[in-house]
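In: Sequence first, then the predicted structure:
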Amino acid sequence: MTPVVHRIGRRRAAQAVLAASAVLALLLWWLLPLGGRPEPRGTMEFTTGVPTGVYSRYGKLLEEQLAHDLPEVDVRLHASEGSVQNIRRLVSGEANFTIATADSVAAYRDEKRPGAGTLRACARLYDDYMQLVVPAGSDIGSAADLRGRRVAVGQPGSGVSLITGRLLEAAGIDAAKDITPVPVGIDRMPGMLRSGEIDAFFWSGGLPTGAVQELAARTDVRLVPLGDLVDELHALGGTARHYRAAVMPADAYPRVQRGKSVKTVAVANLLVTTDRTDPRLTEGITRTVIDSRDRIGREVHAAQLVDLRTAIFTDPLPLHDGASRYYGSVKP
């Protein structure tokens, strides 16, 4: 009987070792980042926007957060003229992540431009608000009043230029004939308005935009309502479906609005990548974008609107596989 007892004892000891190993493996699975998969590594070539815009500021703060969350990821920021140029850089391989407005992405896809089918979304971020800025004493009260004026319409590679053209069309203005278009960005618009080189400028950005804040601190300016153009915009069809009626709250630019809200037009911003991007990298970056909302939002107010419940609504782009994996992991 003794040998049998020894065999049983050894068998039980082996079973105990296997059970302990299984528990340890399960514990390590939970402790490892991203559900037990290796920590994401690689390079995030992130093309943002003009230095004084919200895209640029958001990019810098996201870089800081990613350094903490994904230390093996090398984040490189690149300034740009805006959404249109950002999309071109993605499909050409110059960048692998960017921010772009939904209408810019839709236009690129509808025109069947090179690489359009490779575009994928990580998250819906925040809305850009269309802002028409004029001197406080100007007699411009609507977009229709811009006829015959010198108007800054955004750089050629920007989402500002795209939406400005559509707003002017909705207002019955031919940008090539009825105004003097000045193709500059937000880095030059405020200075040109102050010096009298232009009569008005269009800007599409998150609230508040630093360049507009700084202008208001030095010069009396006014925001012209654009909300009356929403129906006319939608009547244009196509990508105009991405524009919606919105209200700039009274505290967006307190020096400008003096307690009054302003009706305008808004369009969603998307965090965009391509189907070539590593799913693990995309999952990790999407997680940080959502988790860092409050921290980044303390400095970029627009980022406070990033929300897990709405982030998955990325029309006109499908979600990247890595982003889908993230959202699936946090379903209630």
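Out: It's in.
In: For Met166, give me its contacts.
Out: Slight slip there: residue 166 is Arg, not Met. When the contact criterion is Cβ atoms under 8 Å, 6 or more residues apart in numbering, the partners of Arg166 are 103, 233, 236, 240, 243. The C-beta positions use only the backbone N, C-alpha and C, and glycine is treated the same way.
In: any idea how far the fourth one lies from Asp145?
Out: Spelled out, it's Ala240. When Cβ to Cβ, to the nearest Å is the yardstick, Ala240 and Asp145 sit 22 Å from each other.
In: Quick check: the gap between Ser138 and Leu146.
Out: Per Cβ to Cβ, Ser138 is found 10 Å from Leu146.
In: The two: which is more packed in?
Out: A count of neighbours by other Cβ atoms under 10 Å puts Leu146 above the other of Ser138 and Leu146, at 25 against 16.
In: ok, now which ones touch the more buried one?
Out: So Leu146 contacts 140, 168, 171, 173, 178-179, 199-200 (Cβ under 8 Å, 6+ apart).
In: secondary structure class for Val134?
Out: Under DSSP: H, G, I helix; E, B strand; the rest coil, the three-state class of Val134 is strand.
In: Same check on Leu193?
Out: What three-state DSSP gives for Leu193 is helix.
In: quick one: contacts for it?
Out: Taking Cβ under 8 Å, 6+ apart as the contact definition, Leu193 lies against 133-135, 152, 200-201, 215, 219, 221.
In: Can you give me the pLDDT of it?
Out: pLDDT, Leu193: 98.
In: how much space between it and Val134?
Out: Taking Cβ to Cβ as the criterion, Leu193 is separated from Val134 by 8 Å.
In: Identify the contacts common to these two.
Out: Residues touching both Leu193 and Val134 (Cβ under 8 Å, 6+ apart) are 200, 221.
In: where are the low-confidence patches of the stretch 1-150 of the chain?
Out: 1-38 (pLDDT under 70).
In: would you list every one of the helices in it?
Out: Across the stretch 1-150 of the chain, reading from the start of the chain, the helices by DSSP state H, counting those that start in this stretch fall at 2-31, 54-69, 83-92, 102-110.
In: Looking at Ala240 and Asp145, which one has more neighbours?
Out: The residue with more neighbours, out of Ala240 and Asp145 and counting by other Cβ under 10 Å, is Ala240; that gives 21 against 17.
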